[in-house]
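Trainee: okay, sequence plus prediction incoming.
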Amino acid sequence: MSATLERRAEILKLARVLGVDPPTLGYLDAVAPDDLRRVREQVTDACFDGDRDRLRKVAFAAKAVPGAIAARLAQIALGPVLCARVTGLLDPRKAVDIARRVPDAFLADIAVELDPRRAATVIAAIPVDTIARVARILSGRRAWVEMGQFVLFLDDPRLRAAIDAFDDVSLLRVAFVIEGKERLDHFIGLLSPDRLDGVLRTADREGLWPEALDLLDHVAPDRLRDLGDRAAALGVLEGLVGAILEQDLVDALLPIVPGLSPDTQAALAHLEVIRDERALLALVDATERHGLWTALLPLVTHMPPTSRDEVARLAARLDPDRLTALVTTVHEHRLWSTFVPLAAEHMDDAGLERVAEVVGDVDERIVRDMADEVTRHHLWEPLLRIAGRMRSDQLDRIADRLLADGLDERIGPMLHATRSGGLWPIGVRILGGLDATLLERLSGPTAALDPDLRAMALAEVDGLGMRERLGPLGRALAT
Amino acid sequence: MPTPPDARTVLRDALDGDPPDGLVTALDDDALRALAATVTDARRRQARALDDAERAALAHLPRVLRGAVERILR
């Protein structure tokens, strides 16, 4: 939930505890939601502790009279607020006896005033069918914030009854403001597959995607994947993304993207609404502002070429510090297989040069990891295109690291990519940057390469007058 | 003439405990005092509501139970 919405919910709860209209607390708009929650708990405690002895006496008196009389006095003398304060002090059996004698609407009035921390044992003793009826009333009253306060204090049978009593709108709204978001996954786990589909359809129909996104952000990875697949199968992704873009909530969408299945990521990336230039700008902008490249790059791999061009164009415009931060993120999250083709195949010349400038200066360990991943994903050709834009000193510096480890694995793919891409000048320049030890070590694996490839390489090496410089490697090519 | 307590102290007295630092930092003195007054008012209202509830409960109790309940409440 965004801080603004969380603050609004907290002010609503605090206003209820204080018995005032929420607008009168407008001066609290600058306070952080966590601080509002803490002060609400302090107010609740102060109201309770300040009159603890008197409330205890009321509870004791309730015990002394028959249930029917206690129920009548609860309604005509105490009212819902005092009943809520006394509830936690009652013997649970007495509380249940009174509860079954008062109208459900009165119980609902008490429920919204209750401090569930103090009334947990009583809540646990209320019959499941009573919980269901009260939940239905509160759902009808749209008392989502109030329900969100206590719903997760219910055990599974009661929580299930409450969930069944909520309509889909209430379910989404309650989940949005619920206290104890760490239990949201369990909450969602109690929903049947049909109900989940219904909730997703409702989110789409009623424009409740912010609520649904918040929910998706709190479920376990398997469930997120399942919900994402369901949303794609129901055809509601377009609505989801449209709402997100409209409400500037891209930063809420991106973190869940890596958890979606590849099929759902692909469906997302191909949505008409996301191909739009402004949408892509919003995506990249939010990515930058919130440091979410690890979320955007996997999505980029599924995008159509025109969208990738656009993302690459936007990424290429990042200032050098941000571009360096992006490259570091790419390294830390092993995203070279996405980034290298994106830069090489979708950036314009200026963009490619800026990326080459940054990559050419990274630390040797990063170069080695990049070369590993590029080899594994058969991406030497795009990497050579980036390398081709580097300054000579940069290329000389990283040449050893590009080919130093795993010689057997890398020299072949590198030369093959050089041939298929017509990139001999840069391929030969890299070979020329290797030190004498590496040239010696490289000669064995090179001699074992396909004769045609060696012959072609040798011709290019000779054309550039590099055979002597390559020493043992030049001889291996000529074998 | 004694110095009036500062706004943080007034709120602490109303809450029976130190308010969160973040809240104190975020609000000016007027807002802190307004919140303290609202809390104090809520507590007073609850005390009055308890008075009224006790009186109403006793008035509605069957005579046979009234004495026993009154002894518990007093």
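Mentor: That came through fine.
Trainee: does B:Gln46 touch A:Cys47 like I think?
Mentor: Yes - using Cβ atoms under 8 Å, B:Gln46 makes contact with A:Cys47 at a distance of 5.5 Å. (C-beta placed from N, C-alpha, C; glycine too.)
Trainee: looking at those two, which is more packed in?
Mentor: Neighbours per residue, other Cβ atoms under 10 Å in any protein chain shown: of B:Gln46 and A:Cys47, the larger number sits with A:Cys47, 24 against 21.
Trainee: any idea how far the more buried one is from A:Val81?
Mentor: For A:Cys47, the distance to A:Val81 equals 9 Å [Cβ to Cβ, to the nearest Å].
Trainee: okay, and the common contacts of those two?
Mentor: Counting by Cβ atoms under 8 Å, 6 or more residues apart in numbering or on different chains, the common neighbours of A:Cys47 and A:Val81 are B:Gln46.
Trainee: mind checking which helix or strand the spatially most distant residue from the centre of chain B is in?
Mentor: In chain B, the residue that sits farthest from the middle, by Cα atoms, centre = their mean, is B:Val64; the gap is 33.1 Å. Using DSSP states H and E, B:Val64 maps to helix B:63-73.
Trainee: and if you look at A:Ala252?
Mentor: A:Ala252 is part of helix A:250-253, with elements assigned from DSSP H and E.
Trainee: where does residue 17 land in three-state SS?
Mentor: Picked chain A for this. What DSSP: H, G, I helix; E, B strand; the rest coil gives for A:Val17 is helix.
Trainee: oops, I was thinking of chain B
Mentor: Following three-state DSSP, we place B:Gly17 in the coil state.
Trainee: for it, grab the count of nearby residues.
Mentor: 15.
Trainee: what pLDDT does the closest residue to it other than its chain neighbours get?
Mentor: Nearest non-adjacent residue to B:Gly17, counting by Cβ to Cβ, 6 or more residues apart in numbering or on different chains: A:Gln42, 5.7 Å away. Listed pLDDT for A:Gln42 reads 95.
Trainee: returning to what we had before: pLDDT score for the residue farthest from the centre of chain B?
Mentor: Looking at B:Val64, its pLDDT is 74.
Trainee: how near is it to A:Ile76?
Mentor: Relative to A:Ile76, and taking Cβ to Cβ, B:Val64 is found at 18 Å.
Trainee: A:Ala404 too?
Mentor: Per Cβ to Cβ, A:Ala404 is found 87 Å from A:Ile76.
Trainee: more crowded one of these two?
Mentor: Applying other Cβ under 10 Å to A:Ala404 and A:Ile76 shows that A:Ala404 carries more neighbours, namely 20 against 13.
Trainee: tell me the contacts of that one?
Mentor: By Cβ under 8 Å, 6+ apart, A:Ala404 lies in contact with A:Arg368, A:Leu438.
Trainee: hey, which helix or strand in the chain has the poorest pLDDT?
Mentor: In the absence of a named chain, chain A is used. Within chain A, no helix or strand scores below helix A:250-253, which has a mean of 79 by mean pLDDT, DSSP states H and E.
Trainee: which strands or helices does that one pack on?
Mentor: The helices and strands touching helix A:250-253, judged by 3 or more Cβ pairs under 8 Å, 6 or more residues apart in numbering or on different chains; DSSP states H and E, are helix A:209-216, helix A:237-246, helix A:277-290.
Trainee: now the strands: where do they sit in chain B?
Mentor: Using DSSP state E, the strands of chain B do not appear at all; there are none.
Trainee: where in it is pLDDT low?
Mentor: Residue ranges of chain B with pLDDT under 70: B:1-2.
Trainee: now the longest helix along chain B: buried residues?
Mentor: Ranked by residue count and defined by DSSP state H, the top helix of chain B is helix B:29-60. Residues of helix B:29-60 classed as buried: B:31-36, B:38-40, B:42-43, B:46, B:49-50, B:53-54, B:57-58 (neighbour count, 16 or more other Cβ atoms under 10 Å in any protein chain shown).
Trainee: same thing with stretch A:459-476?
Mentor: So, applying 16+ other Cβ under 10 Å, buried residues of stretch A:459-476: A:Glu460, A:Val461, A:Met466, A:Arg467, A:Arg469, A:Leu470, A:Pro472, A:Leu473, A:Gly474, A:Ala476.
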